[in-house]
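Student: Just need the structure, nothing else, for what follows:
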Amino acid sequence: MEGQPAKAAPIYLNQLRVYTSGLVLVLLLATHAACGGSSENRGQPTLLTAQQVYVLPPEDAQRALAVRIRGVVTYINQRNKTLVIQDSTAAVLVDAAQTPTTGFKPGEAVELEGFSRRGKDFNTVVGSNLTDLGGSKMPAPQVVSFKALTASTEQAYRWVEANGVVRSAEMQNDGQLILDLATGDGRLKVRIVEHRGIDFGLTHVDSKLKVSGVSRAIFGAQGEAIRIELLVSNLDNVVVEEARPSDAFSIPVKSINSVSPKPSNAMSGHRVRVDGTVTAQQPGGDLYIKDDTGALHVITAQVSSISPGRRIAVLGFPCLRDSELVLEDSVFREIDALPAAPTTQSAFREGLYLLKTVDQVHKLVPEEAKRGYPVRLSAIVTYYYPLKANLFVQDSTGGIYVDCRGMKEIPMEPGQLVEVEGQSAAGDFAPVVIKPTVRIIGRGSLPSAPRLSLAELFSGLQDSNWVETDGIVQAVNTDPDSGRLYL
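Tutor: Numbers count the residues shown, from 1 in each chain. Model prediction:
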């Protein structure tokens, strides 16, 4: 009846009993599966080595056979809850989604309990318990060639060592740093979980590295290896054997006809520099240039637009593609935008050193910032508003405002990796970068955003940084070219 409180629906005892019985049944099934699978596996011997798991036929691995292995953790990724354990017989990938892994590190001896499962290409273990057995050390890595990694599946998840020259670097959306490493007979992807940001990768393109990691092959539909990866927990397993020049463009300039192409199986050579005039640019970014001695095809992931007739300096790896000489994995700069620009040269003549991180710029006192220190940053675009000439970028040390007044507008967007060259200025609240030249390098990923309270926002400690906050919208203000939310 209207105006009377609604009566609660009655709960009958027999309904409650049915619901409870169903819940118990579900719990029993879940517990049963977690304990190792169906009753037909009772009496089956527990698998005690990685090799026993590895050699199981796929249909047996899928039966969730009990596993108890003692070995050493060679790889761990706390983000996706996976690890690799290697014993004296082989190595195995572990799904640790239901296993506490906090505090475990590579090199620790552990006992793993769980059950077998068939993965996409190899047998794996679903972990149910991980026990620390005390201190240990990493096994000696097996030095392998690219050919050996592709020719046999016996290297699956083994702790191995490879060396080569870094061809490119990028950040994945999951936060891993990816290095494209060219060895003497092939190219592999190095996936690093814990690192110091994209700066490490970019500053080591063309460096020769020795990398220890867990080998993983990705197979195609026909069973062929289509990609080889090294899974690396942190930078402790990356050794720089031969660093590239600190100024990559300082290497000698070659004429086009003097560039020696590398045979397709000799991939571990270094970059060359060629200066030339742009004759065409393809929609994908590839360039064609010429000098007085010839013409050259430049293959690049750089998305900067460059007009025909402009002179550029190109760094790239020479090779033959279908009998054509090309430069692969190339980067380029306009000749006029190199560090020989008058503002930068005058700064060097005045004894001002080059600032390479946001933190270095921010540490300048106002009087020093006004002197116009030369700045060169590799950073991620976090905000760009060309109508107001406002740009914010952030590297691993922090975010900073870049005054783009007077700069030719370029198609930037958040998440792009850029190189910013300019000079320091005092700014209204903190040092900034003015008179910039911005070069788009490629795609990166936005930095992680700490969630801040209103008090933390007003403290100024996170000024210019990419952050997150929440609140209730109190008002909306729209201009012809922008909008604002008031929280």
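
Student: where exactly do the strands run in the stretch 51-200 of the chain?
Tutor: Here the stretch 51-200 of the chain has its strands, by DSSP state E, counting those that start in this stretch, at 66-77, 82-86, 91-95, 109-118, 123-132, 142-143, 159-171, 177-182, 187-192.

Student: Reformat these as CSV; add distance to Gly406.
Tutor: For every residue, glycine as well, the C-beta is placed using N, CA and C. What follows is the strands of the stretch 51-200 of the chain, written out as CSV (distance: least, C-beta to C-beta, whole Å):
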stretch, distance to Gly406
strand 66-77, 45
strand 82-86, 49
strand 91-95, 54
strand 109-118, 59
strand 123-132, 57
strand 142-143, 54
strand 159-171, 30
strand 177-182, 34
strand 187-192, 39
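
Student: Tell me which of these lies nearest to Leu56.
Tutor: Taking C-beta to C-beta, strand 123-132 is the member of the strands of the stretch 51-200 of the chain nearest to Leu56, at 5.3 Å.

Student: Do I have it right that Tyr383 meets Gly415?
Tutor: No - judged on C-beta atoms under 8 Å, Tyr383 makes no contact with Gly415 at a distance of 10.9 Å.

Student: Show me whatever sits in contact with both of these two.
Tutor: By C-beta atoms under 8 Å, 6 or more residues apart in numbering, Tyr383 and Gly415 have no common neighbours.

Student: Am I right that Lys210 sits in a helix?
Tutor: No - Lys210 is assigned strand when assessed by DSSP: H, G, I helix; E, B strand; the rest coil, not a helix.

Student: Report the beta-bridge partner residues of it.
Tutor: Asn163, Val239 (DSSP bridges).

Student: neighbours of it, just the number please.
Tutor: 16 (other C-beta atoms under 10 Å).

Student: My understanding was that it contacts Glu242; is that so?
Tutor: No - look at Lys210 against Glu242 with C-beta under 8 Å: they stay out of range, at 9.8 Å.

Student: quick one: contacts for the residue lying closest to Glu108 once chain neighbours are set aside?
Tutor: Nearest non-adjacent residue to Glu108, counting by C-beta to C-beta, 6 or more residues apart in numbering: Val73, 5.2 Å away. Counting by C-beta under 8 Å, 6+ apart, Val73 makes contact with Leu83, Val84, Ile85, Phe104, Lys105, Pro106, Gly107, Glu108, Val110.

Student: Could you rerun that using 6 Å?
Tutor: Shown in contact with Val73 (C-beta atoms under 6 Å, 6 or more residues apart in numbering): Leu83, Ile85, Phe104, Pro106, Glu108, Val110.

Student: Burial check on Phe219, number of neighbours?
Tutor: Phe219 has 14 neighbouring residues, counting by other C-beta under 10 Å.

Student: partner residues bridging it?
Tutor: Beta-bridge pairing for Phe219 (DSSP bridges): Ala225.

Student: Then Pro318?
Tutor: With DSSP bridges as the rule, Pro318 is bridged to Leu327.

Student: From what I see, it and Ile256 are in contact.
Tutor: No - checked against C-beta atoms under 6 Å, the pair Pro318 and Ile256 is beyond contact range at 10.2 Å.

Student: low pLDDT regions in the stretch 1-150 of the chain?
Tutor: Residues of the stretch 1-150 of the chain that meet the criterion pLDDT under 70 lie in 1-43.

Student: where do the helices sit along it?
Tutor: Per DSSP state H, counting those that start in this stretch, the stretch 1-150 of the chain carries helices over the ranges 13-34, 50-54, 58-61, 146-151.

Student: Which positions in the last one come out as buried?
Tutor: By 16 or more other C-beta atoms under 10 Å, the buried positions in helix 146-151 come out as Phe146, Ala148, Leu149, Thr150.

Student: Kindly report the same for stretch 299-316.
Tutor: Applying 16+ other C-beta under 10 Å to stretch 299-316 flags Ile299, Thr300, Gln302, Val303, Ser304, Ile306, Ile312, Ala313, Val314, Leu315, Gly316 as buried.

Student: can you pull the pLDDT of Ala430?
Tutor: Note on Ala430: pLDDT of 86.

Student: so it, which of the three states?
Tutor: Three-state call for Ala430 (three-state DSSP): coil.

Student: How about the contacts made by it?
Tutor: By C-beta under 6 Å, 6+ apart, the neighbours of Ala430 are Asp463.

Student: So what does it have for phi and psi?
Tutor: phi -150, psi 160 (degrees, to the nearest 10).
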